[in-house]
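S.K.: task: produce atomic coordinates for the following.
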Amino acid sequence: MKRILLLSFAFLTVIAFSAMAQRTVSGKVTDDTGEALPGVNVVIKGTTTGVTTDLDGNYRLSVDDGATLVFSYVGFETQEIQVGSRTTIDVTLGGATELTEVVVLGYSDASRDKLTSAVSVVDNTEIESFNASTSIDQILQGKASGVSIVGANGRPGQTALVNIRGITSIQGGTNPLYIVDGVPVDPSNVNNINPSDIESVSVLKDAATAALYGSRAGNGVIVITTKKGSAGDAKITVKTSYGSASRIEDNFDMMNAQQMLQYEKQLADVGVSSAAAQPGGRLAKGRDWGPFLNRNTDWFDELLKAGRLESQSVSMRGGTEAATYFFSLARDYNEGIIKDLDGFERFSSRLNTTFKLSDNVTAGVNVAVARSESDLPRDRNNVQNPFRAMYDYKPWATKYVTDAAGNVILDANGEPQYNFGEGISLGFNISEALVNNTETTTNLVSIASAFTEVSFLQDFKFRTTLGMSNDRFQRQSFLKPGSRLDQFVGDANNPGSKTDNGSNDYRIVSTNILSWTKTLADVHDVSVRALYEYNKRVFTDYTVTSAGFVTDRLSVQDVAAIPTASGSFETSNILASYGAFINYAFDDRYIVDLSLRRDGSSRFGRESRWGTFYAVSGAWNVHNESFFNVDFFNSLRVRASYGASGNQQIPDFGSLSTVLFQSRNGQSTVIPNGEADPGLQWEAQKIIDVGIESTFWDNRVTFVADYFQRTSSELLGERPLSQSIGDENNVILTNLGEIESKGWEFELSADVLSNNDWLVRVGGNIFFIDTKVNKLSEGNDIFRNFTILREGEEINSFYLNRYAGVNPANGEALWYTADGEITSTFNGEDAVLLEGKSAQPDYQGGFFVSARWKGIDLRADAVFRGGNYIYNTMESNMLSDGVSINTNQRTDAFNFWRNPGDTDVLPNPLFGSTAAQTSDRFLQRGDYIRLRNVTIGYTLPKALIERVGLDFVRVFLQGQNLLTYRPYFKGDPEVGIGSGETIAPGADGFVAGEFNLYSYPNLKTYSAGIEIRF
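M.R.: Now for the predicted structure:
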């Protein structure tokens, strides 16, 4: 009995001491302005035990005596605080320096001072300063060094063209890999992500990070992390804004009715026969021009409008220590600027949850669904494009039929009649087509992921993630019976036609990571991870067309008289991967990372299906050395990396011979449609990066510089075949060359003023790049539209005839021969490669200024690029030397040769057919600086809003694309695609920014809004 009592006493003593040794610590985390910070990670150092702060910045955690708490939050400096005997610990986190912020790499997170790679981070404060309807890839423009982002066009909802550190392939695809909460997402779907849901974006640029993702990361990686919940009562944020959009004004003028009539007369007077048939040429000036002068139509006003912008979102976050959630709903609407169309509308929702099932098990589910709908116009270089019509239509032509006095003539039903007559290109009135040739597209995009993470044996962790994305696309195109286009291309016996087509793009990924992390002897930090990943994609599509509709009010396929065409298609691919990654740091001074990954792709043949990708990288934190004692510098580190990556962005079954099924004489038949290359292999990339990072002047200045070099060999592309082979495409997909990119990146930011009332920060980035062709198959040149690929030359150099000006004696256009002689005879064989004139920019970047004074905040962002050239196709049409007299012209078309001795003039219109040839006459530099975004806001004082139960209220005004400086280019130099339906991104021969046409123009927007939290 005595022994039992003694044991009981001892047991109770242990319990008592344990209780005394453990305590509950609570507190509040704020930023350096006193604002509460929700979602801050509070973790007991050396363990995985921790909590996150609630929306008021509060936390509560049970700890042992002697424990150290680690407070970390993206964009803020991590702090470590020893608990001691305290039960309340309030913490103020200062803005993180470049070297202490936490960086999300996708498979893992790391503090900047433990990174050995080049990564640019954009946080949610920068993202949310843009209009919510803007696609996230466009928001990144100018914010990350080494990243080239150009809007494909201004079409609402349009994604941008993104290249990281230059062109990496000539046809194998140059899009970076997008990862959203661990799930790969197609670049075309990033416009369905609500920017307000995003916590941060990490741009992974070099071999050290590209090797983590293997073949998918050859063009870089953009990791998007969305917001998570935090423990505490539910907090709700409501944000709404309204605004308007208009096209960016041209830096040239089109002719009005009087000017166009005068121009027609002048051309007729010098003997241009086609001008003599125009009103100005055939009618007596002053006596018969009256009816045409009365019209004087401004086609920009007739076809365009000030488009409405709307954005509404509501989000809620909260939870307990065991479960947290983030939930959001949003609607974004961009009406666009075309009359009679509704534009682009997106509804999006997101639910992110995390569950702490036990001390060792954590799980979570993220689900996002977005639906977008658009009725935007055709983007092609013909009469169906309203943006060509507004430049082409004669200003003396009218939208509706009018009398001599300019009054609209009504039909028997009292309705105006569309004008299909003189001055309307090919008699096709786009105003009528916008009403009677309707087209709508719908995308339903779902992205979901679920993960479970198990910690065991103290230092081991296993995480498995299952992710899925699904894009359901639908397009409906209806030519109303009796419409003008139906009369051109339809069936007179079965008027009206309807086409339904759609697709389903399904992707699934399973990622499994086993990791071991340990700190040995307090100075050796070791992390080892093993990876297995499985990716599968299945893509299907369909098309159904019918004709014969009794009314324009019924447009479903069932009411059509006859089916005219149908078809479906399916393709799939699989990528399986194994990887091993080792991270080692000694005493926070020397860091070495090693990675090895094997990818197997079904797109290649059995003999070359697997590719091996690796990287080795290291960093030296000089500031942690005992000998480094420079007061001016707060931190200084150097890093370097080398590795291999790949590219498999080619069509499925690219290594196999394929056939095309057709019908002949009522029987099914097949014809060759794709020749196989049994030796087709991975496009390989070798990447070198050397960088330096530093902070100084009391952490107020951050500087980053990188030198990089990337060599892409075994380039994937199509090589022409002899037509005698009988292949439908007469090309073979093969490996055909090598290109090399090298350049410099620089980032600089500084807090130039920081005190209790003021915070003024400036910064920017710039990168210089040079990309050359080292090798091509058998040394053969590859020709594009206006550019060429040639060994030893800059990629996508222009290949054109050279214009030598005007002969002062007679106004005839002059040309240079290939040997440099001047001649009046144009010969296409005299085209040459133009040294130093490429479609690729030599430099680009962005800069910003932000300021905060008490409750007022201001941010302005600008972007720039230069050194690239653009073939100005629009100018060649608007200064056509009398060739395009059937379309409107620019006012400077009047400046043509008239008398012997005239110089600095356009050619004599009598020689117009020769002068209008494709040449460097219309090649212009694309340099520009654009004021991309300006936002000014005011946050109401807390003492005022707390009376009505609110935590935060901010009102703001915003403008985008407000000013553009373009010293050399006539038009908008931010050219991505000349025309999406003429040659689209990903097509053979596509070169971003090579030429302009009549694509949807970039938009200038103004909006006002309010954000409320409670």
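S.K.: report the buried residues of stretch 553-568.
M.R.: 555, 560, 564 (16 or more other CB atoms under 10 Å). In this view, the C-beta of every residue, glycine as well, is placed from N, C-alpha and C.
S.K.: now secondary structure too, for those, in a markdown table please.
M.R.: Putting the buried residues of stretch 553-568 into a markdown table (DSSP: H, G, I helix; E, B strand; the rest coil) gives the following:
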| residue | secondary structure |
| --- | --- |
| 555 | coil |
| 560 | coil |
| 564 | strand |
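S.K.: chain neighbours aside, what residue packs nearest to residue 897?
M.R.: residue 811 (2.9 Å; CB to CB, 6 or more residues apart in numbering).
S.K.: cool, and residue 620?
M.R.: Per CB to CB, 6+ apart, closest to residue 620 is residue 638, 5.3 Å.
S.K.: report pLDDT for that neighbour.
M.R.: The per-residue pLDDT reported for residue 638 equals 96.
S.K.: relative to residue 927, how far out is it?
M.R.: Using CB to CB, to the nearest Å, we find residue 638 at a distance of 33 Å from residue 927.
S.K.: equivalent analysis for residue 92, please.
M.R.: Taking CB to CB, one finds residue 92 at 45 Å from residue 927.
S.K.: so between the two, which is more surrounded?
M.R.: Taking neighbours as other CB atoms under 10 Å, residue 92 and residue 927 compare with residue 927 leading, 21 against 15.
S.K.: residue 907 is in contact with the residue nearest to residue 897, correct?
M.R.: Yes. The pair residue 811 and residue 907 passes the contact test of CB atoms under 8 Å, sitting 5.7 Å apart.
S.K.: now the common contact residues for those two.
M.R.: 896-897 (CB atoms under 8 Å, 6 or more residues apart in numbering).
S.K.: returning to that earlier point: tell me who's in contact with the residue nearest to residue 620.
M.R.: Counting by CB under 8 Å, 6+ apart, residue 638 has contacts 619-620, 622, 690-693.
S.K.: OK, contacts around the closest residue to residue 486 other than its chain neighbours?
M.R.: In this structure, residue 486 finds its nearest non-sequential neighbour in residue 479, 4.5 Å apart by CB to CB, 6+ apart. Shown in contact with residue 479 (CB under 8 Å, 6+ apart): 436-437, 485-486, 489-490, 496-498.
S.K.: for residue 479, name its beta-bridge partners.
M.R.: For residue 479, the beta-bridge partners are residue 437, residue 497 (DSSP bridges).
S.K.: from here on, count from 46
M.R.: Yep, numbering from 46; the last one is residue 524 now.
S.K.: if I look at the closest residue to residue 904 other than its chain neighbours, how far off is residue 884?
M.R.: Residue nearest to residue 904 in three dimensions, not counting chain neighbours: residue 895, with 4.3 Å by CB to CB, 6+ apart. From residue 895 over to residue 884 the distance is 33 Å, taken as CB to CB.
S.K.: neighbour count winner among the two?
M.R.: residue 884 (25 against 20).
S.K.: and the closest residue to residue 221 other than its chain neighbours, how far from residue 523?
M.R.: Using CB to CB, 6+ apart and skipping the chain neighbours, the partner closest in space to residue 221 is residue 265 (4.2 Å). Distance, residue 265 to residue 523, using CB to CB: 41 Å.
S.K.: many thanks, I have nothing further to ask.
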